[in-house]
Each structure stands twice: as C-alpha cells, then as structure tokens.
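A.B. asks: need a structure here:
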Amino acid sequence: MTMNTPREIFANYISKQGLRNTQQRDDILAAFFSSEKHITVEELFSVVKTKNPAIGYATVHRNLNLLCECGLADEIKIGKQKARYEPKFGQKHHDHLICLRCGKFTEVINSKIEKLQDKLAEENGFMPVRHKLEIYGICRECR
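C.D. replies: Residues are numbered from 1 along each chain as shown. Have a look, this model is predicted:
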C-alpha cells in the first residue's frame, strides 16, 4: 500500500508506535501543513488552540516530535533560539540561509551545490542518505 498523504503516513506511523489517531492529532497535522512559515511549537499551539481549545501545549510538542520521527517534518535549531519546524512532505529539497540577528530563514535551491555534495560523498566512498545545509550569517535587512 502506497501512502500518498501526510495524514496516511502519520496515521500509519503512530499506529506502529502503538498510539491512537485522535482528533487532536488531526488538528495538529492540519495546522502544521497549512502553516506557510517555519513554525515554533508555541506558534503552532496558538493556531491549534483556536480550533481545539482543550488541547495542551505538551500534546502539540509531542506530536511535532512524532512528525519529525516519521519524516514529515524537520526541526531547525539556531543556537539558543526556539526550535522551528517545517514540513518535508511534498517539498523540494532545499537549504537554508539563516540570519543570526532577526532569525529570518531564506530557502535556497542550488543544483551546483547539490552536485558538489554528491561528488564529495562519492570521492570519500560515502553513500549519503540525507543531508541539510544551513548557512548562518546576517541578512541584508539586518546589516
């Protein structure tokens, strides 16, 4: 059976973990995938709380971790700043330029860098499974 949607992938994963699919999980998943930015747990909690006032912060946090574990989300952490999360499902691979002053994330796609990374791995007899490139600096607006 091929799983085509984040909901199917997530439901299958949590079932394998011995967990139940709940309305709260569905609400978190829907809010996360409709977010158009790299979102913190707090921001996601605020969004989900408007739809499901009974939901707890810990529930949102736990489910974001589950989304990362099953490959639907990535966690991005900059130093001591709060972790941010972004959807992986349906997204082209991209790298990030991250401003250390304002925290702005710029997504970049560059085929030359991807080829160079593949060549580097090959030259070292390394078979990459996944990678992420994050370049930290100061954005144009903050300089």
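A.B. asks: going forward, measure contacts and count neighbours with C-alpha atoms only.
C.D. replies: OK.
A.B. asks: just the strands in this protein please.
C.D. replies: 73-76, 84-87, 95-99, 105-108, 134-137 (DSSP state E).
A.B. asks: what packs against the longest one?
C.D. replies: Spelled out, it's strand 95-99. If you count contacts as 3 or more C-alpha pairs under 8 Å, 6 or more residues apart in numbering; DSSP states H and E, strand 95-99 packs onto strand 105-108, strand 134-137.
A.B. asks: among the strands of the chain, which is the most enclosed?
C.D. replies: Comparing the strands of the chain by mean neighbour count (mean count of other C-alpha atoms under 10 Å), strand 84-87 comes out on top with a mean of 21.
A.B. asks: now that one: how far from the chain's centre is it?
C.D. replies: Relative to its parent chain, strand 84-87 has a centroid offset of 3 Å by C-alpha atoms, centre = their mean, to the nearest Å.
A.B. asks: residues in contact with it?
C.D. replies: 32-33, 37-41, 64, 72-77 (C-alpha atoms under 8 Å, 6 or more residues apart in numbering).
A.B. asks: Out of those residues, give me the two with the largest separation.
C.D. replies: Across these, the longest distance by C-alpha to C-alpha is 19.2 Å; it joins 33 and 77.
A.B. asks: neighbour count winner among the two?
C.D. replies: residue 33 (16 against 11; other C-alpha atoms under 10 Å).
A.B. asks: among the strands of the chain, which is nearest residue 115?
C.D. replies: Across those, closest to residue 115 is strand 95-99 (C-alpha to C-alpha), at 13.4 Å.
A.B. asks: Contacts for the closest one next, please.
C.D. replies: By C-alpha under 8 Å, 6+ apart, the residues outside strand 95-99 that reach it are 104-109, 132-139.
A.B. asks: Outline the domain layout of the chain.
C.D. replies: Domain segmentation of the chain under automatic domain parsing yields 6-87, 95-142.
A.B. asks: need those domains in JSON lines with mean pLDDT, can you?
C.D. replies: As requested, these are exported to JSON lines (pLDDT from 0 to 100):
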{"stretch": "domain 6-87", "mean pLDDT": "91"}
{"stretch": "domain 95-142", "mean pLDDT": "88"}
